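Peer 1: sequence first, predicted coordinates after that:
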Amino acid sequence: MKEIRVGLIGFGTVGSGLAEVLLAQQERLEKRSGLRIRLAKVADINISEMPPQFGDVALTNDAADLIGDPEIDIVVELIGGIQPAKTFVMNAIAAGKHVVTANKALLSQEGRDIFAAAARHGVEVGFEASVGGGIPVIKALREGLVANKILSIMGIMNGTANYILTRMTDEGIPFDEVLRDAQQQGFAEADPTYDVEGIDTAHKLAILMTMAYGMNITHNDIATEGISRIEPVDIEFAREFGCRIKLLAISRNHGDHVEARVHATMVPERHLLASISGAFNAIHFTGDMVGNVLLYGLGAGKMPTGSAVAADIVDIARNIATGSVGRVPPLSYLPEEISDRKITPMEELSCPYYFRISAVDKPGVLSAVSGILSQHDISIESVIQKGRKQSGPVSIVMRTHTALESSVSKALAEIDALDVVAAPTVKIRILEEDE
Ligand SMILES: NC(=O)C1=CN([C@@H]2O[C@H](COP(=O)(O)OP(=O)(O)OC[C@H]3O[C@@H](n4cnc5c(N)ncnc54)[C@H](OP(=O)(O)O)[C@@H]3O)[C@@H](O)[C@H]2O)C=CC1
Ligand SMILES: N[C@@H](CC=O)C(=O)O
Ligand code: NA
């Protein structure tokens, strides 16, 4: 049986998960591929000894030693971050090795260089684990939906943020405590700001948009807000409005321009995405031929992500064995067909909004606020003002009808400048039930 040798850089959460998947599924993979896929070498800066079940796997602390090893066919990068990950990936490609990575930060920022180098050197780059963890979303988009114009992408793409919001909503656990728990479970990024500020979701949306629309885009082109300003009180008010708060990635293809945004969103309880809990992700595509497709599964964690990395390794191993390397373009479109597209300015977005205004409880405040909103053509659907306080600000909560983002920004700047307003207004966009 032909053997394909894998070299793994980074034996952390996902790296050790991959090693366990390859060991546990060795026979199954042989039956399915006719190949022996062997983890031959691991490079990790801090590990001095491999766990006993991986006793026959060589260990080094120097990634260069693994990349330069002529025995290795596929180099798997699982250290995360931009550098030295990019150097390792580029050196592996230059050495004629195929590469698999779960590193969405790297691909969304440096993907152009990496895919161009891979094409020049005739090697493959697998990145299934970079979006949706264990969910086969990359393969579904690239191969299953190849006969569709993709009209929209919408989803929950960060397990940590969804885990935090779910436990805050269902169990009332404070933000910091749930974040620590997500870190202990290995869901969070090395810098968890990426998870809670929406940056990781923007990395993933950029990768999907490149593949869906054949466009050049990095996460820097995506309007991004996170969940760090969401307080338990917002979760309570969302419940009163019949919604749950989710961190959504939203992109719509308008032909000559495309929408791309990541932000906390109030999702009506009857919407499919409202029921996605914990570290689960759900990614919804609309294709012009197929209609709606929803992919659901664990978006983070050792074994699900290890399973996605293993799937890429098997794909590449099969291509090596059958002499069909490069059969499927990694980004779905031929490289020369990937072009620049205009991104819709955020100011042109229209949707209903939730505002939580912290104001001193004095007569006339509500009319001052409504006056400003009406001057900017923003009409209020409902208002909640709870209790009266002797001192300190109270929350005035409003749900608006559909309003233009640029008008909302101007109105909130005026509202926040009022003497009676004590803190910047919290704004959350609301998804409509049929979106
Ligand atoms: N965790 C998850 O659920 C998911 C993670 N990903 C992505 O997978 C990648 C890996 O994440 P994860 O496994 O969680 O990260 P971890 O931090 O758990 O693992 C990274 C490992 O790489 C080691 N390392 C760091 N620098 C080097 C180096 N220069 N040479 C060799 N080894 C090095 C680290 O050592 P040390 O700890 O000492 O720094 C650590 O053991 C990231 O790109 C992440 O975004 C994708 C999907 C899901
Ligand atoms: N930190 C990420 C890991 C997977 O991509 C997440 O929480 O989703
Ligand atoms: Na995936």
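Peer 2: It's in. Ligands and ions are numbered 1, 2, ... in the order given.
Peer 1: and the longest helix anywhere in the chain, how far out from the chain's middle?
Peer 2: Longest among the helix segments of the chain by residue count, using DSSP state H, is helix 302-322. Centroid displacement of helix 302-322 relative to its chain, using CA atoms, centre = their mean, to the nearest Å, is 21 Å.
Peer 1: so that helix, near ligand 1 or not?
Peer 2: Yes. Helix 302-322 reaches ligand 1 (CB under 6 Å from any ligand atom) through residue 305. Where C-beta positions appear, they are placed from N, C-alpha and C, glycine not excepted.
Peer 1: and that helix, what does it pack onto?
Peer 2: Contacts defined by 3 or more CB pairs under 8 Å, 6 or more residues apart in numbering; DSSP states H and E place helix 302-322 against strand 2-9, helix 13-24, helix 26-33, strand 35-43, strand 74-77, strand 98-101, strand 125-126.
Peer 1: continuing past that helix, what's the next helix or strand?
Peer 2: strand 342-343 (DSSP states H and E).
Peer 1: avg pLDDT for that following strand?
Peer 2: Across strand 342-343, the average pLDDT comes to 97.
Peer 1: quick one: residue 82 and residue 109 touch, right?
Peer 2: Yes. Here residue 82 reaches residue 109: they are 6.3 Å apart, a contact under CB atoms under 8 Å.
Peer 1: more neighbours, the two?
Peer 2: Neighbours were tallied for residue 82 and for residue 109 using other CB atoms under 10 Å; the higher tally belongs to residue 109 (18 against 12).
Peer 1: next one, pLDDT for the more buried one please.
Peer 2: 97.
Peer 1: my guess is it meets residue 81, correct?
Peer 2: No. In this structure, residue 109 is not within contact of residue 81 by CB under 8 Å, at 10.4 Å.
Peer 1: any chance you could map the helices in the stretch 251-400 of the chain?
Peer 2: With DSSP state H, counting those that start in this stretch as the criterion, the stretch 251-400 of the chain has helices at 302-322, 365-375.
Peer 1: with distance to residue 328 and mean neighbour count as added columns, please give the helices and strands packed on helix 302-322 in JSON lines.
Peer 2: Formatted as JSON lines, the helices and strands packed on helix 302-322 follow (distance: least, CB to CB, whole Å; neighbours: other CB atoms under 10 Å):
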{"stretch": "strand 2-9", "distance to residue 328": "18", "mean neighbour count": "22"}
{"stretch": "helix 13-24", "distance to residue 328": "22", "mean neighbour count": "22"}
{"stretch": "helix 26-33", "distance to residue 328": "16", "mean neighbour count": "13"}
{"stretch": "strand 35-43", "distance to residue 328": "18", "mean neighbour count": "21"}
{"stretch": "strand 74-77", "distance to residue 328": "16", "mean neighbour count": "27"}
{"stretch": "strand 98-101", "distance to residue 328": "13", "mean neighbour count": "27"}
{"stretch": "strand 125-126", "distance to residue 328": "11", "mean neighbour count": "24"}
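Peer 1: go through these and name the closest to residue 113.
Peer 2: strand 125-126 (11.3 Å; CB to CB).
Peer 1: show me what that closest one is packed up against.
Peer 2: Counting contacts by 3+ CB pairs under 8 Å, 6+ apart, strand 125-126 is packed against strand 98-101, helix 104-121, helix 302-322.
Peer 1: measure how far the shortest one is from the centre of its chain, please.
Peer 2: So that's strand 98-101. Offset of strand 98-101 from its chain centre (CA atoms, centre = their mean): 19 Å.
Peer 1: is any residue of it near ligand 1?
Peer 2: No. Using CB under 6 Å from any ligand atom, strand 98-101 stays clear of ligand 1, with a minimum separation of 7.1 Å.
Peer 1: which parts of the stretch 1-150 of the chain sit against ligand 2?
Peer 2: Near ligand 2, when you scan the stretch 1-150 of the chain using CB under 6 Å from any ligand atom, you find residue 133.
Peer 1: among the helices and strands packed on helix 302-322, which is nearest ligand 3?
Peer 2: Of all the helices and strands packed on helix 302-322, strand 125-126 sits nearest to ligand 3, with 10.5 Å by CB to the ion.
Peer 1: so is the closest one next to ligand 1?
Peer 2: No. On the criterion CB under 6 Å from any ligand atom, strand 125-126 is out of touch with ligand 1, staying 12.9 Å away.
Peer 1: which other helices and strands contact the next helix or strand after that strand?
Peer 2: Using DSSP H and E, the helix or strand that follows strand 125-126 in sequence is helix 137-139. Judged by 3+ CB pairs under 8 Å, 6+ apart, helix 137-139 is in contact with helix 199-213.
Peer 1: now for the very next helix or strand once past the helix it packs on, which elements pack on it?
Peer 2: Toward the C-terminal end, the helix or strand that comes next after helix 199-213 (DSSP H and E) is strand 223-224. If you count contacts as 3+ CB pairs under 8 Å, 6+ apart, strand 223-224 packs onto helix 199-213, strand 257-268.
Peer 1: so how far is residue 38 from residue 324?
Peer 2: Residue 324 sits 21 Å away from residue 38, taking CB to CB, to the nearest Å as the criterion.
Peer 1: residue 56 now?
Peer 2: Applying CB to CB to residue 56 and residue 38 gives a distance of 9 Å.
Peer 1: again with residue 62
Peer 2: 21 Å.
Peer 1: also residue 119?
Peer 2: 27 Å.
Peer 1: average pLDDT for stretch 150-170?
Peer 2: Across stretch 150-170, pLDDT averages out at 98.
Peer 1: try stretch 286-294
Peer 2: For stretch 286-294, mean pLDDT rounds to 98.
Peer 1: buried residues, it. List them.
Peer 2: Under the neighbour-count criterion of 16 or more other CB atoms under 10 Å, stretch 286-294 has 286-287, 293 buried.
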